[in-house]
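Undergrad: From the sequence below, what's the structure:
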Amino acid sequence: QVQLVESGGRLVQAGGSLRLSCLASGRTFIKDNMGWFRQAPGKEREFVAVITWDGRRTSYADSVKDRFTISRDNTKNTMYLQMNSLKLEDTAVYYCNRVNFNDKTPIWSWGQGTQVTVSS
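TA: Now for the predicted structure:
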């Protein structure tokens, strides 16, 4: 059974940058499309970004396009989310998951997530 561990979240000022990491254990995700989701306080979890298994294609939510970059290192079974120009509305718990690239829906169970807090 796969376990997902997200890390890298912290308190950061608006305009700053963070890089989140997602490590999968229990199985390799080398053939899986993977992505990031987030859940802000009082809101539903939403799709953020997805990357194909080979890293050739990516897709982003409009709210993060041109600010966030998703990437992966299959040799390390790890995926990343580089977040630049952070805004207050990026404050959320960020989760990674295997993703259906076409409809952006999650496939596996959720990990604990990592908290990102953007302050003014």
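Undergrad: Contacts only, for the residue nearest the centre of the chain.
TA: By CA atoms, centre = their mean, the chain has its centre lying nearest to Trp36, at 2.6 Å. By CB atoms under 8 Å, 6 or more residues apart in numbering, the contact set of Trp36 is Leu20, Cys22, Val48, Ala49, Val50, Ile70, Met79, Leu81, Tyr94, Tyr95, Cys96. Any C-beta I mention is one placed from the backbone N, CA and C, and that applies to glycine too.
Undergrad: Let's have those residues in a markdown table, adding secondary structure.
TA: Shown next, in a markdown table, are the contacts of Trp36 (DSSP: H, G, I helix; E, B strand; the rest coil):
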| residue | secondary structure |
| --- | --- |
| Leu20 | strand |
| Cys22 | strand |
| Val48 | strand |
| Ala49 | strand |
| Val50 | strand |
| Ile70 | strand |
| Met79 | strand |
| Leu81 | strand |
| Tyr94 | strand |
| Tyr95 | strand |
| Cys96 | strand |
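Undergrad: Of those - the most surrounded one?
TA: Greatest neighbour count in the contacts of Trp36, by other CB atoms under 10 Å, goes to Cys96: 31 neighbours.
Undergrad: Tell me what it is bridged to.
TA: Trp36 (DSSP bridges).
Undergrad: Quick check: the gap between it and Gln13.
TA: Distance, Cys96 to Gln13, using CB to CB, to the nearest Å: 24 Å.
Undergrad: what's the answer for Gln82, then?
TA: 17 Å.
Undergrad: pLDDT weak spots in this structure?
TA: Filtered on pLDDT under 70, the chain yields no residues whatsoever.
Undergrad: 80 instead, please
TA: 1 (pLDDT under 80).
Undergrad: Among the contacts of Trp36, which one lies nearest to Thr117?
TA: Tyr94 (11.0 Å; CB to CB).
Undergrad: if I read this right, the closest one contacts Val116, doesn't it?
TA: Yes - using CB atoms under 8 Å, Tyr94 is in contact with Val116, at 5.7 Å.
Undergrad: which residues do the two both contact?
TA: Common neighbours of Tyr94 and Val116, using CB under 8 Å, 6+ apart, are Gly9, Leu20, Arg38.
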